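>>> Build me a model from this:
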Amino acid sequence: MLVGMMGSGKSSIGKRLAAALDLPFVDSDAEIEAAARMSISEIFRQFGEAHFRDGERRVIARLLDGSRRVIATGGGAFVDPETRALALARAWVVWLDTDVDTLVARVGRRSHRPLLEGRDPRAVLAELQQRRAPAYAEAHFRLTTGSGPHEEAVAAIVAALARASQPA
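I've put the predicted structure just below:
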C-alpha cells in the first residue's frame with residue numbers, strides 16, 4: 001500500500017510497482033468513485049469530508065481483505081487511525097515522502113483536488129504535510145521522492161520489500 005500526500009506519485013508509481021511485482025493495481029480513490037457513482041469532488045460538495053472519509057475507510061478495508069495487490073490511497077486515508085491500523089496489520093505500507101515544492105508543481109497540473117479548491121495550494125499542502133507526517137511516519141517503509149524518474153522509486157520499493165521478506 002502506498003501512502004503520502006496528494007501529488008506524491010502514489011498512482012503513477014503504484015502502476016509501475018504493480019507491473020514490476022506482477023500484481024494488480026488498485027487506486028482507492030477510483031474505487032470510491034465507482035462505489036459512490038460520483039467523483040470525489042462531488043462527494044465532498046454534497047456530503048462533506050467526514051462522509052467521504054467514512055466511505056474511504058470501508059473501501060480500503062475491502063481492498064485489504066482481498067487478494068494481493070498494489071493499492072494507492074488518497075492522501076488522507078492513512079491518517080485515519082482505523083485505516084492505518086488495518087493497513088499496518090495486513091499490508092506492507094510505503095510512505096512516499098515528497099517535498100512541498102514538488103507537490104505544488106504536480107498538483108498544479110490537475111484541478112480535481114477538493115481540499116485545494118479556492119485556496120493557496122502551497123499553504124494547504126505545507127499545513128497538511130505537517131499535520132499528516134506523524135501518521136505517515138508509522139508506515140513500514142519511507143521513501144523520499146522528488147522529481148526523479150518513477151522507475152527509481154519502484155526499484156527502491158522492490159528492493160526494500162525483498163529485504164523485508166527475507167528471514168532474519
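
>>> neighbouring contacts of the lowest-mean-pLDDT helix or strand in the chain?
In the chain, the helix or strand scored least confidently by mean pLDDT, DSSP states H and E is helix 100-107, which has a mean of 86. With Cβ atoms under 8 Å, 6 or more residues apart in numbering as the test, helix 100-107 has contacts from 5-9, 113, 116, 121-122, 125-126, 129, 145-147. (Each C-beta comes from the backbone N, C-alpha and C, glycine too.)

>>> out of the residues you listed, which are inside helices?
121-122, 125-126, 129 (DSSP state H).

>>> Do you know the pLDDT at the closest residue to Leu2 other than its chain neighbours?
Nearest in space to Leu2, with sequence neighbours left out and distances taken as Cβ to Cβ, 6 or more residues apart in numbering, is Lys10 at 4.3 Å. For Lys10, the pLDDT comes out at 93.

>>> thinking again about what came up before, of the ones in helices among the contacts of helix 100-107, which pair is most distant in space?
Pro121 and Gln129 (11.8 Å; Cβ to Cβ).

>>> quick one: the helices in this structure?
10-21, 28-36, 40-47, 49-64, 81-90, 100-107, 121-136, 150-165.

>>> so which of those helices comes closest to Gly74?
Ranking those by proximity to Gly74 (Cβ to Cβ) places helix 28-36 first, at 5.0 Å.
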